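**Q** Based on what follows, work out the 3D shape:
(chains A and B)
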Protein chains: 2
Amino acid sequence: MTDATASPMVAVSKDELLGHWQGHRRVTRRVLAAFPEQEFFNYSVGGMRPAAKLAMELIGMTDGGVRGLASREWDNVNEMYAKYPMPGTQAEVLQMWDRVTEQIDRSWPTIPPERFGEVDKAFGVWEGRMFGIFQYWIDNEIHHRGQAYVYLRALGIEPPAFYDRE
Amino acid sequence: MTDATASPMVAVSKDELLGHWQGHRRVTRRVLAAFPEQEFFNYSVGGMRPAAKLAMELIGMTDGGVRGLASREWDNVNEMYAKYPMPGTQAEVLQMWDRVTEQIDRSWPTIPPERFGEVDKAFGVWEGRMFGIFQYWIDNEIHHRGQAYVYLRALGIEPPAFYDRE
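**A** Numbers count the residues shown, from 1 in each chain, chains lettered A, B, ... in the order given. Reported below is the predicted structural model:
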């Protein structure tokens, strides 16, 4: 682990981090919505989880994550998954997604910028500087979305552009 | 696009960004090395590019990228791919990977922290704050590596852990 305080600081604004996160979330939502209903719940490659399960992991981690980031109160890692049971339709998953998107926007102004420099233990297990933990959530989303791109291609569906974050 | 300067600044150190990048590169190298030689060059799912081609895109973008970040001199976007012809063996691709890793470590101390706040046009085409462009390179790597995880699983190979960045 690099000592974060010994090297010069790079200026990054809180809104820039929010824009980065929400931009990725817009792409991920389009990827999730691109699946046909059946394949969203059932299709996978190489025994990996289908898109719906990836979506629910991201919903739990992001909803509990932004709450922990803003309030320092964390769901336990097991609650993180148990709290968000799989809905019966793709539309309901996307509605949960949209509620989390709004939750992020609502919470953001309440987070002091110093919070990203604090060391905390996310979900009771992952310890580190909050900036690194925050980055991990986005990295994890990009990683699983990369899987979903392959599922879509294998289904013969053109995925949304990776670089279009609007 | 969010106005990056209007919101409070979050403290992120230059070394933290380097550690984040190199940590991801260690994971990606393990993923590339996990492919058998033939499958590295030929295997794909859904008509997507095989791992070797993804590796060469990342090598070109990262090598030219860190040079542009440090020197403000950019390869043209077409040179970026043409400059790095596909080697004949997986070992040679991994050697190129390692040279880029060293290049990043050598260049890093020469980059002033303010450089990440400058607006530039990467590879002559992608305009934005250097911090965002830098993030894009990492995001793009995670995205393509996510694809490669599916290829490995489909081949019956257990991929390296996503969360282990050491």
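**Q** Tell me the confidence at the residue of chain A found nearest chain B?
**A** Residue of chain A nearest chain B, by C-beta to the nearest C-beta: A:Gly146 (2.1 Å). (Each C-beta comes from the backbone N, C-alpha and C, glycine too.) With respect to pLDDT, A:Gly146 scores 97.
**Q** That one contacts B:Glu141, doesn't it?
**A** No. In this structure, A:Gly146 is not within contact of B:Glu141 by C-beta atoms under 8 Å, at 10.0 Å.
**Q** what's the burial count for the residue of chain A closest to chain B?
**A** Neighbours of A:Gly146 under the rule other C-beta atoms under 10 Å in any protein chain shown: 23.
**Q** For it, pull up the helix or strand it's in.
**A** helix A:130-154 (DSSP states H and E).
**Q** I'd like the distance from that helix to the chain centre, please.
**A** 7 Å (C-alpha atoms, centre = their mean, to the nearest Å).
**Q** just checking, what packs against it?
**A** In this structure, helix A:130-154 makes packing contacts with helix A:14-33, helix A:51-71, strand A:119-122, helix B:14-33, helix B:130-154, judged by 3 or more C-beta pairs under 8 Å, 6 or more residues apart in numbering or on different chains; DSSP states H and E.
**Q** Next up, the contacts around A:Phe134.
**A** A:Leu17, A:Trp21, A:Gly65, A:Leu69, A:Phe116 (C-beta atoms under 8 Å, 6 or more residues apart in numbering or on different chains).
**Q** any idea whether the last one is helix, strand or coil?
**A** I take that to be A:Phe116. On the three-state scheme (DSSP: H, G, I helix; E, B strand; the rest coil), A:Phe116 is labelled helix.
**Q** residue contacts, it?
**A** By C-beta under 8 Å, 6+ apart, the neighbours of A:Phe116 are A:Lys14, A:Leu17, A:Arg129, A:Met130, A:Phe131, A:Phe134, B:Val10, B:Ala11, B:Val12.
**Q** let's see 6 Å
**A** By C-beta atoms under 6 Å, 6 or more residues apart in numbering or on different chains, the residues touching A:Phe116 are A:Met130, A:Phe131, B:Val10.
**Q** try A:Gln90
**A** A:Glu37, A:Phe40.
**Q** how near is it to A:Pro50?
**A** Plainly put, A:Gln90 is 11 Å away from A:Pro50 if you go by C-beta to C-beta, to the nearest Å.
**Q** Equivalent analysis for A:Ala161, please.
**A** Look at A:Ala161 and A:Pro50: by C-beta to C-beta, they are 23 Å apart.
**Q** which one of those two has more residues nearby?
**A** Taking other C-beta under 10 Å, A:Ala161 and A:Pro50 do not tie; A:Pro50 has more neighbours (19 against 9).
**Q** and the more buried one, backbone torsions?
**A** phi -70, psi 170 (degrees, to the nearest 10).
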